[in-house]
Each structure stands twice: as C-alpha cells, then as structure tokens.
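Trainee: Need coordinates for the following:
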Amino acid sequence: MRTDTNRSLSPLVLTLFTGAFALVGLFAFRGWLAYGADIFLGLAETGVSWCF
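Mentor: Just a heads-up that it's a prediction; the model follows:
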C-alpha cells in the first residue's frame, strides 16, 4: 500500500506567508521608531518599563 507522505507547502504559499510576516514586522518596527519614546514613557508611568 502506497501513501503520499510528501506534504509540503507550495513555494508560492510559503512566499506569501513570508512576505506577510515581513510586512507586519516592518510596520511594527516603523511604529516603534515613530512612537517608541511615547510607548516607553507610558510604560514607565505604569511601572512596566522594567520589562524593556
């Protein structure tokens, strides 16, 4: 009995997932650059800034 055990994602799907992940990371990094000081001051006011 033969079964197909080769279950991998197609290169197109893998490329789309990688691109979407990179885009989300880029937006998060740009947001941190733009609002990082405000985020840190807001966390410092609440006492959570020691995590960073």
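Trainee: what's the pLDDT at Arg2?
Mentor: Confidence at Arg2, expressed as pLDDT, is 66.
Trainee: same question but for Gly47, I mixed them up
Mentor: pLDDT, read off for Gly47, is 81.
Trainee: OK, contacts around it?
Mentor: With Cβ atoms under 8 Å, 6 or more residues apart in numbering as the criterion, no residue contacts Gly47. Bear in mind the C-beta positions are built from the backbone N, C-alpha and C, glycine included.
Trainee: which element is the spatially most central residue of the chain on?
Mentor: Geometric centre of the chain, nearest residue: Gly25, 4.3 Å, by Cα atoms, centre = their mean. Using DSSP states H and E, Gly25 maps to helix 11-46.
Trainee: buried set for that helix?
Mentor: For helix 11-46, burial by neighbour count (16 or more other Cβ atoms under 10 Å) applies to no residue.
Trainee: Run the chain-centre distance for it.
Mentor: Chain-centre distance of helix 11-46: 6 Å, with Cα atoms, centre = their mean, to the nearest Å.
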